[in-house]
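Novice: Kindly return the folded structure for what I paste below:
(chains A and B)
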Amino acid sequence: MSAGDLGKIYADGEMIIRQGEVGDCMYVVQSGKVEVFKVQGDSEMHLGMIGEGDFFGEMALLDRDVRSASIRAVGEARVLKVDKRTFLSQVHADPTIALRIVQKMSQRIRELHAELARKKEREGSHLHS
Amino acid sequence: MMLKIFRDLEPRIKEAAGSSRPDFRLVDGSRVAVIGGGPAGSLFSYFLLNLSEMSGIEINLDLFEPKEFSRPGPVGCNYCGGIISESLVQMLATEGINLPSSVVQRGIESYTLHMDIGTVRIETPADQKRIAAVHRGAGPAGIKEIKWRSFDGYLQELAVNRGARLIRKRVKEIKWVDGRPQVGAKGYEPASYDLLVVATGINTSTLKMFGGLGLGYRLPRTTKTYICEFHLGEKTIEQVLGSSMHVFLLDIPRLDFAALIPKGDFVTMCLLGKDIDSTLVRSFLESPEVRSCFPPDWNILDKSCRCSPAIAISGAERPFADRLVFIGDCGITRLYKDGIGAAYRTSKAAARTAIFSGISAADFKRHFWPTYRSISFDNNVGKIVFWVTHLIQKMRPSRHGVLRMVSREQGSADNTRRMSTVLWDTFTGSAPYTDVFMRTLSPAFLYRFLLDTFFGIWS
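Specialist: Purely as a prediction, here's the structure:
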């Protein structure tokens, strides 16, 4: 980690967020990539990759539920933590801070809808064949 | 009766309509002038253009800044310690502005508090580096190689990439013609604008132009600070100072606060106090606590670049009018700490008001003024915090109490770090002074401090 790097470095495969844990912050990727995956029984389901400039764990800032998925570094990744308390006190003074998060969440919902539609289409074509 | 009800409801109706008057709204093709391309001006431009795009409005924004932040020395310097606070680093990241390593010269991971009775290191409460040490310009005069980019230049580039038109001219003329601001610069024909945003800082003569306009604007009260850069080289800095900001609470007459900020190849020294002169600077530099932060063979009086810029210690009077708003230091800033954080807050409040409400004095009073008042109120509490810090500086027993309490907290596995977080937030500017002050009033804090003061004297 160079002297000017902000945040924290995670080594390849190192866990950043564990599914089921209570979260009190979100993370912004400063460099590298991280993988989002869900643990179901003994298997892992890959949900996606998050790259530089993007954020994850934002749901912990908005609700009090546990982390819905796990996140780990793919290669070396540097991430910056944003505290829930700092975030909420700033949103109280300036609600537009949350706009980027809302925009990103909306984009992720669109992607999920598209993924769901693709899945249903695949299932439909499977039934017809 | 009906008239009274209407009068009561009128401001709410106007607010719901978005602005006090329809001609005081930014629409497609509106022209905005921003004087000053430091953090306040650049962030305002960036946020205004972002929000206008989101709202589907096309705005033409001219950003006037004569300084070239790519050039070292006074031509690109913006007179500042160059610390980006923990809370601001987080908020900028949330806004999508991630400070790159090409700009951040050093991530600060701890604060070292030096007193005549001992030294203690306060580690960051988070498990990562979230305070950035930067140069506002390209670096001090006499720099041989530019290794890091200017922080102000980086923000200015964000604004330009968002669509701001950078005009590298010094503003020479400001007039009000038919109720609209007109801005002229050397070699630039005076042009009329719908909104004028002033973000010049206070170390400028441009603000004098507003005196004769009858707008009621009066400059903030100021005091002088002393900033000096020492070239030690990256390796030496790593060895002697590390990534720790060194803060000094020394009983030197007229000195209120002093800090050494390690950066890339340079160390920035910031002194705050009354009538700082060469005698005070010399007695500070020659104190054993300061000498211990430099290599033994270092000639401490060999300074490479120095200045005594003014800093604001109060807010401006009437920092807005119809089609006009003052942001950053020339409007209001945070007392002594996190001035760039205050620039971010006022620039965002002004941009929000201009896009979502309007650009009349009434709009700024309703939506921008609360941000100004909140900073102003917090500064008043900050004065109490610094008064108490000053007392600690003067009273040896209390210095023992602070040292003992912090040393115990830093050496303990227990996460309750009352004094450490109070000092961390005071010195880093990461939390409002009101928060810091309220924490010091807790019975647990006072009890522990009194106990540590008592045992500190006898140990």
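Novice: From here on, just use CA atoms for contacts and neighbour counts.
Specialist: Fine.
Novice: how deep is the residue in chain A that chain B sits nearest to tucked in, by neighbour count?
Specialist: For chain A and chain B, the shortest gap (C-alpha to the nearest C-alpha) falls at A:Gly4, measuring 4.0 Å. Counted with other C-alpha atoms under 10 Å in any protein chain shown, the neighbours of A:Gly4 add up to 25.
Novice: Then B:Tyr79?
Specialist: Number of residues near B:Tyr79 (other C-alpha under 10 Å) recorded here: 21.
Novice: and what of B:Thr279?
Specialist: Around B:Thr279 there are 9 residues (other C-alpha under 10 Å).
Novice: and it, helix, strand or coil?
Specialist: Look at B:Thr279: counting by DSSP: H, G, I helix; E, B strand; the rest coil, its state is helix.
Novice: Please list the residues of chain A that sit near chain B.
Specialist: Within reach of chain B by C-alpha under 8 Å from any C-alpha of the partner chain, chain A has these residues: A:2-8, A:28, A:30, A:53-54, A:80-83, A:86-87, A:90, A:93-94, A:97, A:100-101.
Novice: repeat that for 7 Å
Specialist: A:3-8, A:28, A:30, A:53, A:82, A:86, A:97, A:100 (C-alpha under 7 Å from any C-alpha of the partner chain).
Novice: and of those, the nearest to B:Gly211?
Specialist: Using C-alpha to C-alpha, the shortest approach to B:Gly211 within the residues of chain A next to chain B belongs to A:Ile97, at 34.9 Å.
Novice: so the closest one sits in a strand?
Specialist: No: read with three-state DSSP, A:Ile97 is helix and lies in no strand.
Novice: got the domain boundaries for the chain?
Specialist: You didn't say which chain, so I picked chain A. Per automatic domain parsing, the structural domains of chain A span A:1-83, A:94-129.
Novice: could you do chain B instead?
Specialist: Following automatic domain parsing, chain B resolves into domains at B:19-69+B:152-221+B:313-379, B:74-149+B:222-311, B:395-458.
Novice: about what we covered before: hang on, the residue of chain A closest to chain B packs against B:Gln105?
Specialist: Yes: using C-alpha atoms under 7 Å, A:Gly4 is in contact with B:Gln105, at 4.6 Å.
Novice: about what we covered before: mind checking which of the residues of chain A next to chain B land in helices?
Specialist: By the criterion of DSSP state H, membership of the residues of chain A next to chain B in helices covers A:Thr86, A:Arg100.
Novice: shaky segments in chain A?
Specialist: A:126-129 (pLDDT under 70).
Novice: The residue positioned nearest the centre of chain A: what's it in contact with?
Specialist: In chain A, the residue lying closest to the centroid (C-alpha atoms, centre = their mean) is A:Phe56, at 2.8 Å. Contact partners of A:Phe56, counting by C-alpha atoms under 7 Å, 6 or more residues apart in numbering or on different chains, are A:Met26, A:Tyr27, A:Val28.
Novice: B:Ala93 and chain A, how far apart?
Specialist: Counting by C-alpha to the nearest C-alpha, to the nearest Å, the gap from B:Ala93 to chain A is 7 Å.
Novice: Report the secondary structure element holding that residue.
Specialist: Of the helices and strands defined by DSSP states H and E, B:Ala93 is found in helix B:86-94.
Novice: coming back round to it: can you pull the contacts of the residue of chain A closest to chain B?
Specialist: B:Ser101, B:Val104, B:Gln105, B:Arg106, B:Gly107.
Novice: can you put those in TSV and add distance to chain A, neighbour count and secondary structure?
Specialist: TSV is the format used below for these (distance: C-alpha to the nearest C-alpha, whole Å; neighbours: other C-alpha atoms under 10 Å in any protein chain shown; DSSP: H, G, I helix; E, B strand; the rest coil):
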residue	distance to chain A	neighbour count	secondary structure
B:Ser101	5	19	coil
B:Val104	5	26	coil
B:Gln105	5	27	coil
B:Arg106	4	25	strand
B:Gly107	5	27	strand
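Novice: tell me which of these is nearest to B:Gly139?
Specialist: B:Gln105 (11.0 Å).
Novice: Now do that closest one against B:Pro262, distance only.
Specialist: To B:Pro262, B:Gln105 is 9 Å away according to C-alpha to C-alpha, to the nearest Å.
Novice: Ok, A:Ile50 next?
Specialist: From A:Ile50 across to B:Pro262, the span is 33 Å (C-alpha to C-alpha).
Novice: okay, these two: which has more neighbours?
Specialist: More crowded of A:Ile50 and B:Pro262, by other C-alpha under 10 Å: B:Pro262, with 29 against 18.
Novice: what's across from that one in the sheet?
Specialist: B:Val267 (DSSP bridges).
Novice: ok so B:Leu158 is a strand residue?
Specialist: No: under three-state DSSP, B:Leu158 falls outside any strand and is assigned helix.
Novice: Can you check the pLDDT for it?
Specialist: B:Leu158 carries a pLDDT value of 98.
Novice: right, is the strand or helix carrying B:Val381 up against chain A?
Specialist: Assigning secondary structure by DSSP H and E places B:Val381 in helix B:369-394. No: Helix B:369-394 lies out of reach of chain A by C-alpha under 7 Å from any C-alpha, never closer than 7.8 Å.
Novice: Packing partners of that helix?
Specialist: helix B:396-411, helix B:433-440 (3 or more C-alpha pairs under 7 Å, 6 or more residues apart in numbering or on different chains; DSSP states H and E).
Novice: Direction included, what does the strand ranked longest in chain B pair up with?
Specialist: Criterion DSSP state E: the longest strand present in chain B is strand B:222-231. Using DSSP bridges, the strands paired with strand B:222-231 are strand B:266-273 (antiparallel), strand B:305-307 (antiparallel), strand B:310-312 (antiparallel).
Novice: Buried residues, it. List them.
Specialist: B:Thr223, B:Lys224, B:Thr225, B:Tyr226, B:Ile227, B:Cys228, B:Glu229, B:Phe230, B:His231 (16 or more other C-alpha atoms under 10 Å in any protein chain shown).
Novice: Identify the residues contacting the second one.
Specialist: B:Lys224 makes contacts with B:Ser308, B:Pro309, B:Ala310, B:Ile311, as judged by C-alpha under 7 Å, 6+ apart.
Novice: quick one: the second one and B:Tyr154, what's the gap?
Specialist: Applying C-alpha to C-alpha, one obtains 22 Å for the distance of B:Pro309 from B:Tyr154.
Novice: The first one too?
Specialist: Plainly put, B:Ser308 is 24 Å away from B:Tyr154 if you go by C-alpha to C-alpha.
Novice: again with the last one
Specialist: Remark: distance between B:Ile311 and B:Tyr154 (C-alpha to C-alpha) = 23 Å.
Novice: Compare those two and say which is more crowded by neighbours.
Specialist: Taking other C-alpha under 10 Å, B:Ile311 and B:Tyr154 do not tie; B:Ile311 has more neighbours (25 against 22).
Novice: hey, what's that one bridged with?
Specialist: B:Thr223.
Novice: need the contact list for it.
Specialist: For B:Ile311, the contact set (C-alpha under 7 Å, 6+ apart) comprises B:Thr222, B:Thr223, B:Lys224, B:Thr225.
Novice: what secondary structure does B:Tyr336 sit in?
Specialist: Assignment for B:Tyr336 (three-state DSSP): coil.
Novice: Now do it: how many residues are near it, please.
Specialist: A count of nearby residues for B:Tyr336, using other C-alpha under 10 Å, gives 19.
Novice: Strands along the stretch 101-250 of chain B, start to end?
Specialist: Secondary structure of the stretch 101-250 of chain B (DSSP state E, counting those that start in this stretch): strands located at B:106-108, B:110-115, B:118-123, B:131-133, B:165-167, B:171-177, B:180-185, B:188-192, B:195-198, B:222-231, B:244-248.
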